[in-house]
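> Next input, structure requested:
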Amino acid sequence: MVNLLLKQMEQTREMMIRSGVENGLQNAKTIQLSRRLDQLMNTYYRQTAFEENEDHDDLFQYSE
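Numbering: from 1, shown residues only. Just a heads-up that it's a prediction; the model follows:
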């Protein structure tokens, strides 16, 4: 899933930049793409943080 998110982020970023150059930064399409990129980035960071925590769960287990 992480690789898919990275690919979607890159594609959306490219479309956003192209839209910004062609239509302007205040254009509705550019803003929509920027918001979509924000959503993808948030999902990516949540996913990677969750996976990182799973990898280190054994470090936080308490034993006597």
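
> Every contact and neighbour count from this point should use C-alpha atoms.
Will do.

> for the helix or strand bottoming out on mean pLDDT in the chain, packing partners?
Lowest mean confidence among the helices and strands of the chain (mean pLDDT, DSSP states H and E): helix 28-55, at a mean of 92. Secondary-structure packing of helix 28-55 (3 or more Cα pairs under 8 Å, 6 or more residues apart in numbering; DSSP states H and E): helix 2-23.

> Now do the buried residues in the helix it packs on.
By 16 or more other Cα atoms under 10 Å, the buried positions in helix 2-23 come out as Gln8, Met9, Thr12, Arg13, Met15, Met16, Ile17, Ser19, Gly20.

> name the helices or strands packed onto it?
With contacts taken as 3+ Cα pairs under 8 Å, 6+ apart, helix 2-23 sits against helix 28-55.

> Show me which positions of the helix it packs on end up buried.
Neighbour-count burial for helix 28-55, with 16+ other Cα under 10 Å as criterion, is recorded at Lys29, Thr30, Ile31, Leu33, Ser34, Arg36, Leu37, Leu40, Met41, Tyr44.

> Present those residues as JSON lines; the columns should include distance to Glu51.
Shown next, in JSON lines, are the buried residues of helix 28-55 (distance: Cα to Cα, whole Å):
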{"residue": "Lys29", "distance to Glu51": "33"}
{"residue": "Thr30", "distance to Glu51": "31"}
{"residue": "Ile31", "distance to Glu51": "30"}
{"residue": "Leu33", "distance to Glu51": "27"}
{"residue": "Ser34", "distance to Glu51": "26"}
{"residue": "Arg36", "distance to Glu51": "23"}
{"residue": "Leu37", "distance to Glu51": "21"}
{"residue": "Leu40", "distance to Glu51": "16"}
{"residue": "Met41", "distance to Glu51": "15"}
{"residue": "Tyr44", "distance to Glu51": "11"}
